[in-house]
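**Student:** Could you work out the structure for the sequence below:
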Amino acid sequence: MSEHDFEPIRGLPGALPDGETILWQGAPSWSLLAQQAFHVRLVASYLALMLIWRTAGAVIGGQAPITAVESSLSVTPIALAAVGILGLMAWLNSRTTVYTITNRRVVMRFGAALPKAINIPFSLIEGAALKSLGRGAGDLALTLKPPNKIAFLSLWPHARPWRLSAPQPTLRAVPDAAAVAGILAAAMERQMPIELARLGGQARAPQRGASLVNPETVTA
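**Tutor:** You can find the predicted model right below:
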């Protein structure tokens, strides 16, 4: 039994109101999350470089090559443990995360130690940006309409990197990301006439043929 077993609907904090339906649910790829959010490859490369540097320094300092290598290998388990912990954190985050798109909102449920669910109604979303990670996966970052803001630390690792002043909730490392972006864009465009009616025509509808999801090629 887990803390999520009491959810009325998987990934949602409560039952769906009348008229609301789930269009898509998914979770991050743990291996991509490990690379993109927890930087496992970068950390592993850095630790490997440090071990090589340690060995080379010992040899230059007069130690026999075999002795220098043995000395460096003695700390290898610590380096492997560090990489393993990052990988475990990525796996736990993936296992406890559920992204949900309904016909009215985006819901992000995540957190291994401190579970939380963040509801983002379409009326608060200004747009979205899709970043490809290769092999069909990608990040789908949501831009909130000012002055709405969710603290970066409350979102991490489900936030667009380096957007600290204006954090963007992000569906990280989602498989088949283009299809997910299409589902979100279509749902938001269908909801727009309802929002226009509710606001008395004060909101501006998207231009014909315009997409609410902007595909990006940047790597930041």
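
**Student:** Show me where the protein has its strands.
**Tutor:** For the chain, applying DSSP state E gives strands covering 22-26, 98-102, 105-110, 116-121, 125-134, 137-144, 170-174, 213-216.

**Student:** pLDDT on stretch 103-122, on average?
**Tutor:** Mean per-residue pLDDT for stretch 103-122: 91.

**Student:** Tell me the buried residues in that stretch?
**Tutor:** By neighbour count, with 16 or more other C-beta atoms under 10 Å as the criterion, the buried positions of stretch 103-122 are 103-112, 117-120, 122. For every residue, glycine as well, the C-beta is placed using N, CA and C.

**Student:** which residues touch residue 50?
**Tutor:** Listed by C-beta atoms under 8 Å, 6 or more residues apart in numbering, the contact set of residue 50 reads residue 79.

**Student:** What of residue 101?
**Tutor:** Taking C-beta under 8 Å, 6+ apart as the criterion, residue 101 is in contact with 22-25, 180, 183-184, 187.

**Student:** any idea which of those residues has the most stuff around it?
**Tutor:** residue 184 (23 neighbours; other C-beta atoms under 10 Å).

**Student:** State the distance from residue 70 to residue 79.
**Tutor:** The gap separating residue 70 from residue 79 is 15 Å, by C-beta to C-beta, to the nearest Å.

**Student:** Now do the helices in this protein.
**Tutor:** Along the chain, counting by DSSP state H, helices occupy 30-36, 40-60, 65-73, 76-95, 152-155, 177-198.

**Student:** Just the angle for the second one relative to helix 76-95, thanks.
**Tutor:** By that I understand helix 40-60. 170 degrees (axes from the mean of the first three to the mean of the last three C-alpha atoms, to 10 degrees).

**Student:** Buried residues, helix 40-60. List them.
**Tutor:** Using 16+ other C-beta under 10 Å as the test for burial, helix 40-60 gives 40, 43-44, 47, 51, 55, 58.

**Student:** which residues of this structure score low on pLDDT?
**Tutor:** Residue ranges of the chain with pLDDT under 70: 1-6, 193-220.

**Student:** Can you give me the domain boundaries for it?
**Tutor:** 22-28+98-216, 34-92 (automatic domain parsing).

**Student:** Kindly reformat the ones you listed as CSV containing distance to residue 9.
**Tutor:** Formatted as CSV, the domains of the chain follow (distance: least, C-beta to C-beta, whole Å):
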stretch, distance to residue 9
domain 22-28+98-216, 8
domain 34-92, 22
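
**Student:** closest to residue 14 out of these?
**Tutor:** Nearest to residue 14 among the domains of the chain is domain 22-28+98-216 (9.0 Å), distances taken as C-beta to C-beta.

**Student:** Can you give the distance of that closest one from its chain's centre?
**Tutor:** Its chain's C-alpha centre lies 11 Å from the corresponding centre of domain 22-28+98-216 when counted by C-alpha atoms, centre = their mean, to the nearest Å.
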